[in-house]
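J.: Here you go, sequence then predicted model.
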Amino acid sequence: MGSENTRLVKVDLKNFDELIDLVPDEEGKKYVASNIYSLAEAYANVSKGRYAQPFGIYDGDTPVGFLMIGYDITDEDCDPEKQYYIRNSYLIWRFMVDKKYLHQGYGRAAMKLILDFIRTFPAGPAEYCWISYEPENVRAKNLYRSFGFVEEPETPEGWDEIPAVMKL
């Protein structure tokens, strides 16, 4: 249940259909984009030469969630002095566990696995990893804090999410 058999699998032609079918619970739907939207966003970024890597979260051969990371994904409106954590850093862009598999340890196991992967610096060197979430998403906030992410005191102008940063 949720850790021993949890693994990350890069999205490919063999598994994308089953990952598209995963959905968050009703609360989660308020906070995370659909997996199909995320895959389209990854494709659009990769086609522009940016690094975006989506993964399925699996328990053995069973898909239980989806996540996506990016590297040096910048927002042109951000002030690089204030948002030091964006440029040349890893972003955990999407993170969801299917509604049938919540509260079974998969989120925690997947977060550990993705942070271990990020620390291999697959797209380039980085000092930081960051993630953002809606202020009322307490479930996400607690998970990310437990791994050492710290909320930034200033939210970039125009953002409705709170960025949280971890030094790698």
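T.: Yep, that arrived. Just so it is clear, the model here is predicted, and its values are computed rather than measured.
J.: From now on I want contacts and neighbour counts done on CA atoms only, so please keep to that.
T.: Will do.
J.: I'd like the mean pLDDT over stretch 65-77, please.
T.: Mean pLDDT, stretch 65-77: 83.
J.: which stretches of the protein aren't confidently modelled?
T.: 1-3, 74-82 (pLDDT under 70).
J.: same thing but at 90, please
T.: 1-4, 25-30, 48, 72-88, 135, 139, 152-162 (pLDDT under 90).
J.: just the strands in the protein please.
T.: For the chain, applying DSSP state E gives strands covering 6-10, 51-59, 62-71, 90-97, 128-133, 150-151, 162-167.
J.: Of the ones you listed, give the one that comes closest to Leu22.
T.: Closest to Leu22 of the strands of the chain is strand 62-71 (CA to CA; 6.7 Å).
J.: ok, that closest one: who's next to it in the sheet?
T.: Strand 62-71 sits in its sheet next to strand 51-59 (antiparallel), strand 90-97 (antiparallel), going by DSSP bridges.
J.: would a markdown table of those with mean neighbour count and distance to Asn5 be doable?
T.: Output for the strands paired with strand 62-71, formatted as a markdown table (neighbours: other CA atoms under 10 Å; distance: least, CA to CA, whole Å):
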| stretch | mean neighbour count | distance to Asn5 |
| --- | --- | --- |
| strand 51-59 | 24 | 5 |
| strand 90-97 | 24 | 15 |
